[in-house]
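After the sequence you'll find the predicted model.
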Amino acid sequence: MALDGKVAVVTGGAQGLGRGFAEVLLKKGAKVSLFDVGEETGNATKGAFEKEFGPDQILFCVCDVTSEKQLKDAFQRTVQKFSGIDIVCNNAGISNERDWEKTVAINLCGVIRGTYLALDHMKKENGGRGGVIINISSMAGLGPLPASPVYTATKHGVVGFSRAMAMASDAAGYGVRINTMCPIYVRTALLSTAGSEECAGEFYRIKHVNRKLMEFGVLEVSDVVKAFDNLVLDESQNGAAVIVKMGGFDYVKFPTAEDLLGSNAP
Ligand SMILES: NC(=O)c1ccc[n+]([C@@H]2O[C@H](COP(=O)([O-])OP(=O)(O)OC[C@H]3O[C@@H](n4cnc5c(N)ncnc54)[C@H](O)[C@@H]3O)[C@@H](O)[C@H]2O)c1
Ligand SMILES: CCCCC[C@H](O)/C=C/C=C\C/C=C\C/C=C\CCCC(=O)O
């Protein structure tokens with residue numbers, strides 16, 4: 001997929017990974033709509049991007065992905081400004097075990113809602129152009145992060161939902177690929193606050209377990225952006241989960257029905 005002239009949405013695009021994804025899309029000629037609850041950071045990012053890429057390439061919508069209305073309105077504003085949508089990255093996420101329902105609402109419900117609304121605009125049966133949706137999970141979507149059980153659940157949920165929706169999209173002929181990214185730790189604001197008592201709640205006391213897992217290494221945003229760019233462009237991938245780790249990225253191999261059911265597999 002060539003990116004020049006394409007229209008992209010990035011949730012949680014004001015900072016961190018989302019900002020990095022938006023920047024690479026803009027560099028390659030796409031128009032980008034940032035959805036973020038952080039008004040000040042979002043406006044600052046929009047201003048910086050306007051300086052570099054010009055005023056017509058970027059839109060910022062103040063939007064909380066837990067609100068159906070705000071998310072619907074933000075998609076509508078994007079379509080009105082740019083005409084259609086080709087790429088959606090559901091990236092907004094938090095790590096808060098104390099307010100675990102908020103973590104579920106943003107990390108899982110926000111991704112589900114963002115995927116359904118994206119499909120409304122992108123699927124061919126509605127007159128859309130097709131395209132690609134990339135949902136941001138984590139390595140905690142593939143294995144357990146003991147001090148963050150609800151975060152782990154939401155990220156496993158993102159992988160399962162995206163894989164099922166990818167098959168549904170293919171079967172229904174939507175023309176939309178749906179893939180997931182699962183990075184190890186990345187140096188962003190989320191990582192620096194996640195282990196705090198405020199966020200980890202009662203699991204604060206066992207945060208040393210997360211520290212141990214940090215021996216996997218800590219990526220820079222640019223490492224994850226490279227894998228994102230590859231996944232957006234690779235039209236052969238649908239239902240894939242990409243693990244991003246020190247030294248590069250790989251496609252995750254999931255067990256087949258035969259692996260799971262043995263001789264009972266159909
Ligand atoms: N940093 C890591 O180690 C790491 C590793 C793997 C996956 N991830 C995932 O990557 C994604 C981005 O995380 P990050 O590290 O860049 O974090 P970050 O905190 O730097 O950025 C997250 C952005 O999401 C926005 N946001 C939060 N709640 C929102 C809401 N309700 N509606 C809209 N926007 C909202 C924030 O305002 C912020 O701009 C998350 O889904 C996170 O779980 C992060
Ligand atoms: C909540 C902390 C901040 C965000 C974390 C983030 O999304 C990244 C996590 C990266 C790696 C750790 C995640 C899961 C561990 C997976 C497998 C561990 C297997 C343990 C073992 O059996 O050895």
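Here it is on my side, so go on. On a predicted model such as this, the values are computed, not experimentally measured, just so you know. Ligands and ions are numbered 1, 2, ... in the order given.

Whichever residue of the stretch 51-200 of the chain sits closest to ligand 1 and ligand 2, how far apart?
The shortest separation between the stretch 51-200 of the chain and ligand 1 is 2.2 Å, found at residue 93 (distances taken as C-beta to the nearest ligand atom). C-beta: built from backbone N, CA, C; applies to glycine. Computed with C-beta to the nearest ligand atom, to the nearest Å, the distance linking residue 93 and ligand 2 is 8 Å.

Excluding chain neighbours, what is closest to that residue?
Nearest non-adjacent residue to residue 93, counting by C-beta to C-beta, 6 or more residues apart in numbering: residue 107, 4.8 Å away.

Quick one: neighbours of that neighbour, just the number.
27 (other C-beta atoms under 10 Å).

contacting residues for it?
Residue 107 sits next to 93-94, 151, 154-155, 157-158 when contact means C-beta atoms under 8 Å, 6 or more residues apart in numbering.

what does residue 29 give?
By C-beta under 8 Å, 6+ apart, the contact set of residue 29 is 3-6.

among the residues you listed, which two are most distant?
Considering C-beta to C-beta, no two members of those lie farther apart than 3 and 5, which are separated by 7.9 Å.

Give me the more crowded residue out of the two.
Set side by side, residue 3 and residue 5 give different neighbour counts by other C-beta under 10 Å, the larger being at residue 3 (19 against 10).

secondary structure class for the more buried one?
coil (DSSP: H, G, I helix; E, B strand; the rest coil).

Now do the phi/psi pair for it.
When read as degrees, to the nearest 10, the backbone of residue 3 gives phi -90, psi -10.

repeat for the one 3 residues further on
For residue 6, the backbone dihedrals (degrees, to the nearest 10) come out as phi -70, psi 160.

Which residues are in contact with the closest residue to residue 175 other than its chain neighbours?
With C-beta to C-beta, 6+ apart as the criterion, residue 175 has its nearest non-adjacent residue at 2.8 Å, and that residue is residue 130. Counting by C-beta under 8 Å, 6+ apart, residue 130 touches 86, 122-124, 174-176.
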